[in-house]
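Colleague: got a predicted structure here, sequence first:
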Amino acid sequence: MKADRHGAPARRRAGAWPALALAMLVLGAGGCGVEPWVKPYERERLADPIMKPQRDMLAEKHHEHIYDVREAARGATGVQGGGCGCN
Amino acid sequence: MAATEAAPGSALRAAAAAGLRLLSRLAGLLGGMLATGHAAAADLPEDRADVMYHSYNGGGVTATGPAVLVRKSIDDAFSVSGSYYVDAVSNASIDVVTTASPYHEERIERAAGLDYVYRDALISVAASNSKEPDYTADSASLDVAQDVFGGMTTINLGYSRGWDTVGKRGYPAFSQKADHWQYRGGVTQILSPRWLASANVEVVSDAGYLGSPYRAARVFGAAVPETDPDTRTSRALALRTVGSVGANGAVRAEYRFFWDTWDIRASTYEAGYSQYLEGQRWLVDGYLRYYKQSHASFYSNNFTSEFTYMSRNRQLSTFDSIGVGAKATYSAVRVPARYEIKLNASAERLRFQYGDFTDIRTGKAYSFDANVLELYVSATF
């Protein structure tokens, strides 16, 4: 691992993500005094099923299983999977 | 001690009540820390029942079967769900035809879940069991979704644990274990009355037997049993956005980056469009998906020297896949505020193109096409 001029190990690029997530959390929790700018009565479109890419869990599960069995990548899909016997 | 004198049933009830109290306190703590005066509670998933027929056909493999899902709320605070999923597999894939005999087998997956709403939090626990003649997988999960910032932001945290038992057809004494740990987190943000975005991360760790007892690696053209490392950790980061278009449409895009300790890097790109037609009687969707990955450090189509770990698993090779899909949903019966019955049909065409995996019968780079079909009826009530 590379070291910076103070001798400390250089931070890996992936290490920035938790910091970014924390910043979003703090901003999201209203730490900067920002008010929610979309009122509940303005969220009708957002609540429509058309805005949910994963509307039907059974169909999503089927697609997820097909990709899981054939591709090495996995995770962060938002679909809850069971064991798949993927070997 | 009173607890030791109590009947086993009441001890179980006491333990369950203590568990619920703990969950309530945890949710209350999160809610108290993060809620900003938002009065509305989180929503339970909608009551629904689905019956589906699904089919996959490609690369010498067909997998078809029925699947059923039922979800029902209890008491406005709880929702229970159960699902049953069958995969009848007929396998004559390139791995099978070049090293073994084609076979048929059936995989059955059963799952059950419980969701609980507490103020602005949705807490979900689930368990599943998947069984096929030579592979059993059990899993359990806990997920919490917390609305914050007046409901504009939702934070998700989840954990799953999996326990697999790997067998081998014709070898009853062969039994290996594999364990899995999944940690996930995410943020979904309302950006405007017509625009949502989310970021999700998931870390998956595995330990145990992670290969296949049937698959062979090749060294100087000769087949040897494959040997995979017995640990793996992967990370995935996904960014998604959905926007409302016009009066009846929506457009979405997503990107996922994946990397793991086996040196595999993968990217998934997906974009889709959805549109209501004839009022809201029809809903049609179309999407494109592109996936590509680099090979694992211990993968080779044909090794030229022997290593501790060697695999010719094409799932670990360099390849890409392209998918084009379409879906149509027809609202057959709709009684507003009471129930709705929808008929759904979905089809996807996939093409896999391998960079460093060859068909050993021809010596050429391997590729195949696959068709995916889903037909289902869904009722919400």
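Modeller: Received it, and whenever you're ready, just let me know what you need.
Colleague: for the stretch 201-350 of chain B, give me the ranges with low pLDDT.
Modeller: Counting by pLDDT under 70, the stretch 201-350 of chain B contains no low-confidence segment.
Colleague: make it 90
Modeller: B:337 (pLDDT under 90).
Colleague: from chain A, how far out is the nearest residue to residue B:305 once chain neighbours are set aside?
Modeller: Closest residue in space to residue B:305, ignoring its immediate chain neighbours: residue B:219 at 7.7 Å, by CB to CB, 6 or more residues apart in numbering or on different chains. Any C-beta I mention is one placed from the backbone N, CA and C, and that applies to glycine too. Going from residue B:219 to chain A by CB to the nearest CB, to the nearest Å gives 21 Å.
Colleague: isn't residue B:219 right up against residue B:310?
Modeller: Yes - if you go by CB atoms under 8 Å, residue B:219 and residue B:310 touch, sitting 6.9 Å apart.
Colleague: just want to know which of these two has more residues nearby.
Modeller: residue B:310 (20 against 17; other CB atoms under 10 Å in any protein chain shown).
Colleague: distance of the more buried one from residue B:356?
Modeller: Using CB to CB, to the nearest Å, we find residue B:310 at a distance of 14 Å from residue B:356.
Colleague: how about residue B:116?
Modeller: The spacing between residue B:116 and residue B:356, counted by CB to CB, is 48 Å.
Colleague: ok, now residue B:285?
Modeller: Relative to residue B:356, and taking CB to CB, residue B:285 is found at 34 Å.
Colleague: kindly report the same for residue B:320.
Modeller: On the measure of CB to CB, residue B:320 and residue B:356 end up 12 Å apart.
Colleague: okay, the residue in chain B that chain A sits nearest to: pLDDT?
Modeller: Closest residue of chain B to chain A, CB to the nearest CB: residue B:137 (1.9 Å). On pLDDT, residue B:137 comes in at 97.
Colleague: touching chain B at all, the host helix or strand of residue A:63?
Modeller: Under the criterion of DSSP states H and E, residue A:63 resides in helix A:57-70. Yes - when contact is scored as CB under 8 Å from any CB of the partner chain, part of helix A:57-70 falls within range of chain B: A:57, A:58, A:59, A:61, A:62, A:63, A:65, A:66, A:67, A:69, A:70.
Colleague: by contact count, what packs against that helix?
Modeller: If you count contacts as 3 or more CB pairs under 8 Å, 6 or more residues apart in numbering or on different chains; DSSP states H and E, helix A:57-70 packs onto strand B:48-58, strand B:61-74, strand B:78-91, strand B:339-358, strand B:365-380.
Colleague: do that again at 7 Å, thanks
Modeller: Secondary-structure packing of helix A:57-70 (3 or more CB pairs under 7 Å, 6 or more residues apart in numbering or on different chains; DSSP states H and E): strand B:48-58, strand B:61-74, strand B:365-380.
Colleague: all good on my end, thank you.
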